[in-house]
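Chemist: Can you look at this prediction? I've put the sequence above it.
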Amino acid sequence: MPYADPKFPVVNPTPTVDDCIKSMRIKDYFTLLGLTSASWAYGYVTGKPLRMPTAATAATIGLTAAGIAVLQNTRARLMGYDENAREVKMYGMHPTCQPRKVKREDARFPVATGRSSAAVSPPLNWRTYD
């Protein structure tokens, strides 16, 4: 996840795996299916002496990688780091964690906004820092 404040409305600031699975989109299911089947095909093509065990192992690795990628994308949408209009419509916005509106005067002269708040990047406590 990015180390800054979210740019989209926050639906859930701390989503669990169950929340991520419940809010999966059709694109996420196709990503799971596509990466798993592509990995199986790769294992079948490259595993000459033992094609089926190699293909099954490759499919397992592909399913694991696809699951991690899908959960990361879903978590980013719920936390407001990615486009999440559908999730906001379904679940609503979180009442306390919302992105700040930044007014830009002119794009040629940027202004330091301090996008990283204390909630995202807390200051170091040097007394407990070992």
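Modeler: Right, received. Where do you want to start?
Chemist: so where do the strands sit in the chain?
Modeler: Remark: strands of the chain are absent; assignment by DSSP state E.
Chemist: quick one: low-confidence ranges for it?
Modeler: Applying pLDDT under 70 to the chain flags the ranges 1-3, 98-107, 109-121, 129-130.
Chemist: And for it, the residue most distant from the center?
Modeler: Distance from the C-alpha centroid of the chain peaks at residue 49, with 38.3 Å (Cα atoms, centre = their mean).
Chemist: any idea how far that residue is from residue 57?
Modeler: From residue 49 across to residue 57, the span is 13 Å (Cβ to Cβ, to the nearest Å). Every C-beta, even on glycine, is put in place using the N, C-alpha and C of the backbone.
Chemist: report the longest helix in the protein, please.
Modeler: helix 51-79 (DSSP state H).
Chemist: Kindly spell out which helices and strands sit in contact with that one.
Modeler: Counting by 3 or more Cβ pairs under 8 Å, 6 or more residues apart in numbering; DSSP states H and E, the packing neighbours recorded for helix 51-79 are helix 17-22, helix 26-46.
Chemist: ok, and for it, which residues are buried?
Modeler: 54-55, 58-59, 61-63, 66-67, 70-71, 73-79 (16 or more other Cβ atoms under 10 Å).
Chemist: OK, contacts around the closest residue in space to residue 28 that isn't next to it in sequence?
Modeler: Using Cβ to Cβ, 6 or more residues apart in numbering and skipping the chain neighbours, the partner closest in space to residue 28 is residue 70 (4.6 Å). Residue 70 makes contact with 20, 24, 28, 31, 32, according to Cβ atoms under 8 Å, 6 or more residues apart in numbering.
Chemist: Let's see that with 7 Å instead.
Modeler: 24, 28, 31, 32 (Cβ atoms under 7 Å, 6 or more residues apart in numbering).
Chemist: Alright, I will stop here.
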